[in-house]
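**Student:** give me a 3D structure for the following:
(one chain, ligands or ions: 1)
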Amino acid sequence: MTLAICVRCGQEKVGALTPCSSCGFLPRSFEDLAKSITLSDRHYDREALWHIADRIRSGKSFDFDEDAIARLAVELETDGGNLKMPLGCQLAVWTPVVVMCLLAAALIALVIYLMAG
Ligand SMILES: [Zn+2]
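**Tutor:** Okay, the predicted model is just below:
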């Protein structure tokens with residue numbers, strides 16, 4: 001369960017990407033999604049979130065790390081909102097499979113060579 005706070009009114013909510021029960025704000029743009037994910041317990045502990053919520057409720061805006069938000073927004077956009085496996089992980093998964101196939105092919109070639117001989 002993810003504890004998050006509404007980026008617009010500071011209301012606590014469950015899940016970063018859910019609509020706010022207080023003001024009805026639902027993050028839709030990649031920037032809003034990135035901000036909503038940032039204001040959740042994935043990035044801050046509960047105490048820090050409560051402090052941020054207090055700030056937003058008292059009308060002060062929270063100073064987002066604009067660079068981090070921009071990066072996260074681009075990530076969300078390129079992934080289409082899905083958290084895909086990075087290329088490095090895909091290579092790590094497929095490299096042993098490819099090596100195994102090559103070894104098997106080499107073995108088969110060797111057996112055919114020996115039987116023909
Ligand atoms: Zn709200």
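
**Student:** okay, and the helix or strand of the chain with the least pLDDT?
**Tutor:** Scoring the helices and strands of the chain by mean pLDDT, DSSP states H and E places helix 87-116 at the bottom, with a mean of 88.

**Student:** enumerate the residues of the protein near the ion.
**Tutor:** 6, 8-9, 11, 20, 22-23, 25 (CB under 5 Å from the ion). The way it works is simple: take the backbone N, C-alpha and C, and place the C-beta from them, glycine included.

**Student:** ok, and the most crowded of those?
**Tutor:** With neighbours defined as other CB atoms under 10 Å, the most crowded of the residues of the chain next to the ion is Cys6; it has 25 neighbours.

**Student:** skip the chain neighbours and tell me the closest residue to that residue.
**Tutor:** Nearest non-adjacent residue to Cys6, counting by CB to CB, 6 or more residues apart in numbering: Cys20, 3.9 Å away.

**Student:** wait, isn't that neighbour in contact with Gly10?
**Tutor:** No. Applying CB atoms under 8 Å, one finds Cys20 not in contact with Gly10, separated by 9.4 Å.

**Student:** so what pLDDT did Cys20 get?
**Tutor:** We have a pLDDT of 96 for Cys20.

**Student:** which SSE is it in?
**Tutor:** For Cys20, there is no enclosing helix or strand under DSSP states H and E.

**Student:** look up phi and psi at it.
**Tutor:** The phi/psi pair for Cys20 (degrees, to the nearest 10) reads phi -80, psi 130.

**Student:** quick one, what contacts it?
**Tutor:** 6, 8-9, 11, 13, 26 (CB atoms under 8 Å, 6 or more residues apart in numbering).

**Student:** save those as a markdown table, and put in distance to Ala109 too.
**Tutor:** Output for the contacts of Cys20, formatted as a markdown table (distance: CB to CB, whole Å):
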| residue | distance to Ala109 |
| --- | --- |
| Cys6 | 64 |
| Arg8 | 65 |
| Cys9 | 68 |
| Gln11 | 67 |
| Lys13 | 61 |
| Leu26 | 59 |
